[in-house]
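Undergrad: any chance you can model this:
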Amino acid sequence: MANEQQVTSANDALILIERLLQFAQQRKLLNDPLDTHAARNELLSLFGFAEPFEGNVEEESLESAVPLLEPLLDYGYTIGLIPDHTTTYRDLLDARIMGLLLPRPSEASAAFTRQVKEEGLTAATDAFYNLSIDSNYIRMDRIRKNLYWLHETEFGKLEITINLSKPEKDPKEIALLKTMPQAKYPKCLLCVENVGYAGRPDHPARQNLRVLPLTLQKEQWYFQYSPYVYYNEHSIIFKGAHEPMVISHSSFARLLDFVEQFPHYFIGSNADLPIVGGSILSHDHFQGGRHVFPMETASIDAQFVDAKLPGVRFGIVNWPMSVVRVNGSTKADVHGAACRLLDEWRAYSDASADVLAFTKQEDGTLTPHNTITPIARLRDNGEYEVDLVLRNNRTSEEHPDGIFHPHQHLHHVKKENIGLIEVMGLAVLPGRLKDELEQIAAYLTGASSASAEELQETSHPLHKHAAWILSLTERFGTSNAAEQAQTIVQTETGSKFLDVLKDAGVYKRTAAGAEAFERFLTSTGLQRA
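TA: Residues are numbered from 1 along each chain as shown. Predicted coordinates:
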């Protein structure tokens with residue numbers, strides 16, 4: 001929201017424009033004096049000035065444009081560039097300002113290609129990532145507010161985050177959105193038409209977005225960084241055409257194409273069915289990045305081989321979800337193995353393990369339930385690696401939100417779909433938990449108290465956590481030091497996330513579950529190594 005140090009004069013705004021231009025030059029957003037002149041004139045026009053500041057602006061070094069943008073946004077509000085001081089409107093103006101300081105999209109892409117040739121791929125992605133941060137497309141000032149800790153488990157250290165980077169809508173904005181007609185352009189947040197789009201209250205501005213064109217399987221795709229990075233260099237790879245997500249043989253081929261082009265990145269996809277899929281199923285896309293997730297370092301429980309593919313290894317990963325790891329030295333062999341497992345899993349049923357591939361509807365049509373969350377990597381030794389996470393989206397009377405979905409007793413911590421990022425061991429928990437966990441910790445120190453009856457009242461702000469709070473106070477008491485109480489709450493939250501992953505796993509970590517998992521793999525023709 002508004003900066004405490006309000007801009008009080010037009011002269012202050014003129015100085016801020018010069019400082020912003022200086023920042024853009026230092027961070028190589030503007031690389032030529034001609035571009036600086038043009039950007040200055042665009043900014044002067046935007047803010048209604050006929051001439052620039054004439055005095056001397058002291059040289060300074062800034063890591064971020066935010067300290068300059070905040071007072072400029074305040075000034076923009078005072079002169080009517082935005083109708084309200086809400087975060088949404090300020091973000092629309094923020095992107096408009098920063099878009100004037102960037103190279104055109106084709107120039108940014110050409111600069112990336114040049115840098116790959118001159119300095120190598122890693123240097124080029126580093127520079128493109130920094131451009132996305134310096135342009136304030138990636139809001140690092142907000143992302144740094146996210147809470148993060150590690151949770152030790154039998155499967156390795158899970159990563160736990162509480163997402164505070166995506167601002168909540170102001171009640172006035174929510175009311176406004178209800179009255180707005182449904183827009184048709186861009187079709188969704190992932191369409192390439194977003195590049196340069198001015199935005200509106202129900203759609204973010206994208207003047208400061210830059211993307212890279214890619215070819216995957218002879219099709220037009222694009223690469224960009226996520227504005228809300230959940231991990232290092234969190235990337236989105238999206239199809240040029242607005243087509244729905246489908247996990248198919250072509251999906252695996254595209255993943256393997258990508259890791260050949262970006263060998264220092266992983267890439268993966270959410271599943272393509274409701275409940276077990278991601279938040280945007282209407283536009284085919286993947287997520288990638290430069291991060292080692294806990295699942296990647298997990299060991300192998302059991303090895304399998306296929307006599308027809310002697311160069312490929314299959315392994316059941318020691319992980320709370322059901323993961324088959326495929327490794328091989330040739331792309332064609334790994335692709336063929338992954339396709340075969342997808343085809344077999346799509347049609348596989350085992351009622352004793354609650355796995356049914358289809359449900360027959362009254363009209364005779366079959367609703368599919370089995371799909372896969374795939375992740376691909378190119379290992380340092382040149383091997384191709386694909387993790388295939390088996391998913392099933394069936395529901396039941398006992399579990400109406402999903403049999404292989406966080407069960408109801410965990411919804412007070414995590415109710416949302418378990419997508420690609422969480423499958424790999426990084427929890428993205430809702431922002432509400434920051435305050436709620438602090439309040440729960442207060443019960444463990446004795447700073448807060450309430451009876452079981454009070455906690456269970458629907459009017460109580462922590463009523464959804466009532467059973468958990470009573471369990472924690474019973475196990476750990478109410479006389480803990482503040483730091484110890486925080487540690488307890490974080491540890492117990494991590495344990496909840498582990499339970500979430502166990503619920504989402506098709507084959508449970510039991511003797512019967514291991515037997516059923518092996519039964520599926522041997523049904524495809526694989527043999528225990």
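
Undergrad: element containing Tyr89?
TA: With the criterion set as DSSP states H and E, the secondary-structure element containing Tyr89 is helix 87-99.

Undergrad: let me see the mean pLDDT of the next helix or strand after that helix.
TA: If you walk from helix 87-99 toward the C-terminus, the next helix or strand you reach (DSSP H and E) is helix 105-119. Taken as a whole, helix 105-119 has a mean pLDDT of 98.

Undergrad: for helix 105-119, buried residues please.
TA: Neighbour-count burial for helix 105-119 flags Pro105, Ala108, Ser109, Ala111, Phe112, Gln115 (criterion: 16 or more other CB atoms under 10 Å). Every residue, glycine included, has its C-beta placed from N, CA and C.

Undergrad: mind listing residues that contact the helix ranked longest in the chain?
TA: Longest helix in the chain, counting residues (DSSP state H): helix 482-504. Residues external to helix 482-504 that are found in contact with it (CB atoms under 8 Å, 6 or more residues apart in numbering): 149-151, 153, 155, 158, 160, 276, 319-321, 391, 404-407, 410, 413-414, 418, 422-423, 425, 427, 429, 433, 437, 440-442, 444-445, 468, 472, 476, 480, 508-509.

Undergrad: elements contacting the next helix-or-strand element following it?
TA: On the C-terminal side of helix 482-504, the nearest following helix or strand under DSSP H and E is helix 511-523. When contacts are defined as 3 or more CB pairs under 8 Å, 6 or more residues apart in numbering; DSSP states H and E, helix 511-523 sits against strand 300-305, strand 312-317, helix 331-346.

Undergrad: which one of these is the most hemmed in?
TA: Highest mean neighbour count among the helices and strands packed on helix 511-523 (mean count of other CB atoms under 10 Å): strand 312-317, with a mean of 21.

Undergrad: using CSV, write out every CA atom in that strand.
TA: Output for strand 312-317, consisting of C-alpha atoms alone and laid out as CSV, is shown next (Å, rounded to 0.1, in the frame of the first residue of the first chain):
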residue,chain,number,x,y,z
VAL,A,312,16.3,-48.3,-19.0
ARG,A,313,16.0,-48.6,-15.2
PHE,A,314,12.6,-48.4,-13.4
GLY,A,315,12.4,-47.7,-9.6
ILE,A,316,9.8,-47.2,-7.0
VAL,A,317,10.9,-44.0,-5.2
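
Undergrad: on contacts alone, who are the packing partners of it?
TA: Helices and strands in packing contact with strand 312-317 are listed as strand 300-305, strand 323-328, helix 331-346, helix 511-523; criterion 3+ CB pairs under 8 Å, 6+ apart.

Undergrad: the same query, at a cut-off of 6 Å, please.
TA: Secondary-structure packing of strand 312-317 (3 or more CB pairs under 6 Å, 6 or more residues apart in numbering; DSSP states H and E): strand 300-305, strand 323-328.

Undergrad: who does the residue nearest to Val317 when sequence neighbours are not counted form a beta bridge with?
TA: Of all residues beyond its chain neighbours, the one nearest Val317 is Val323 (3.9 Å), with distances taken as CB to CB, 6 or more residues apart in numbering. Following DSSP bridges, Val323 is listed with bridge partners Val389.

Undergrad: in space, what's closest to Lys415 - neighbours in sequence excluded?
TA: In this structure, Lys415 finds its nearest non-sequential neighbour in Pro406, 6.4 Å apart by CB to CB, 6+ apart.

Undergrad: got the contact list for Arg206?
TA: Asn194, Tyr197 (CB atoms under 6 Å, 6 or more residues apart in numbering).

Undergrad: per-residue confidence at it?
TA: 98.

Undergrad: and it, what element?
TA: Assigned by DSSP H and E, Arg206 falls within no helix or strand.

Undergrad: what distance do you get for it to Ala183?
TA: Plainly put, Arg206 is 14 Å away from Ala183 if you go by CB to CB, to the nearest Å.

Undergrad: next: Ala512.
TA: As for Ala512, its distance to Ala183 is 51 Å (criterion: CB to CB).

Undergrad: how far away is the residue nearest to Lys415 from Leu501?
TA: From Pro406 to Leu501 the distance is 9 Å (CB to CB).

Undergrad: again, but for Leu281
TA: Counting by CB to CB, the separation of Leu281 from Leu501 is 22 Å.

Undergrad: of the two, which one has the most company?
TA: Leu501 (23 against 16; other CB atoms under 10 Å).

Undergrad: please enumerate the strands of the stretch 201-350 of the chain.
TA: Along the stretch 201-350 of the chain, the stretches classed as strands by DSSP state E, counting those that start in this stretch are 212-216, 219-225, 235-239, 266-268, 285-289, 300-305, 312-317, 323-328.

Undergrad: can I get the second one as PDB, trimmed to CA atoms?
TA: To tie it back to what came earlier, the one meant is strand 219-225. Coordinates of the C-alpha atoms in strand 219-225 are reproduced here as PDB (Å, rounded to 0.1, in the frame of the first residue of the first chain):
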ATOM      1  CA  GLU A 219       5.300 -26.400 -31.900                       C
ATOM      2  CA  GLN A 220       5.500 -22.800 -30.700                       C
ATOM      3  CA  TRP A 221       5.900 -22.600 -26.900                       C
ATOM      4  CA  TYR A 222       7.100 -19.800 -24.600                       C
ATOM      5  CA  PHE A 223       9.200 -19.500 -21.500                       C
ATOM      6  CA  GLN A 224       8.800 -17.000 -18.700                       C
ATOM      7  CA  TYR A 225       9.400 -16.700 -15.000                       C
END
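
Undergrad: so what's the gap between that strand and the chain middle?
TA: Offset of strand 219-225 from its chain centre (CA atoms, centre = their mean, to the nearest Å): 16 Å.

Undergrad: circling back to that earlier point, pLDDT on the helix holding Tyr89, on average?
TA: Mean pLDDT, computed over helix 87-99, is 97.

Undergrad: for that helix, C-alpha coordinates in CSV please.
TA: Coordinates of the C-alpha atoms in helix 87-99 are reproduced here as CSV (Å, rounded to 0.1, in the frame of the first residue of the first chain):
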residue,chain,number,x,y,z
THR,A,87,-2.9,-2.7,-4.2
THR,A,88,-4.6,-3.8,-7.4
TYR,A,89,-4.7,-0.4,-8.9
ARG,A,90,-1.2,0.4,-7.7
ASP,A,91,0.1,-2.8,-9.3
LEU,A,92,-1.5,-1.8,-12.6
LEU,A,93,0.4,1.5,-12.6
ASP,A,94,3.6,-0.1,-11.4
ALA,A,95,3.6,-2.4,-14.4
ARG,A,96,2.8,0.5,-16.7
ILE,A,97,5.8,2.5,-15.4
MET,A,98,8.3,-0.4,-15.5
GLY,A,99,7.2,-1.4,-19.0
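
Undergrad: identify whichever of the helices and strands packed on helix 511-523 lies nearest to Ser459.
TA: For the helices and strands packed on helix 511-523, the distance to Ser459 is smallest for strand 312-317, at 44.9 Å, taking CB to CB.

Undergrad: closest to Ser9 out of the strands of the stretch 201-350 of the chain?
TA: Shortest distance between Ser9 and the strands of the stretch 201-350 of the chain, using CB to CB, is found for strand 219-225: 36.5 Å.

Undergrad: strand 285-289 and the closest one, what's the angle between them?
TA: Note on geometry: by axes from the mean of the first three to the mean of the last three CA atoms, to 10 degrees, strand 219-225 and strand 285-289 are set 40 degrees apart in direction.

Undergrad: show me what strand 219-225 pairs with in its sheet, parallel or antiparallel.
TA: Based on DSSP bridges, the strands next to strand 219-225 in the sheet, each with its direction, are strand 212-216 (antiparallel), strand 235-239 (antiparallel).
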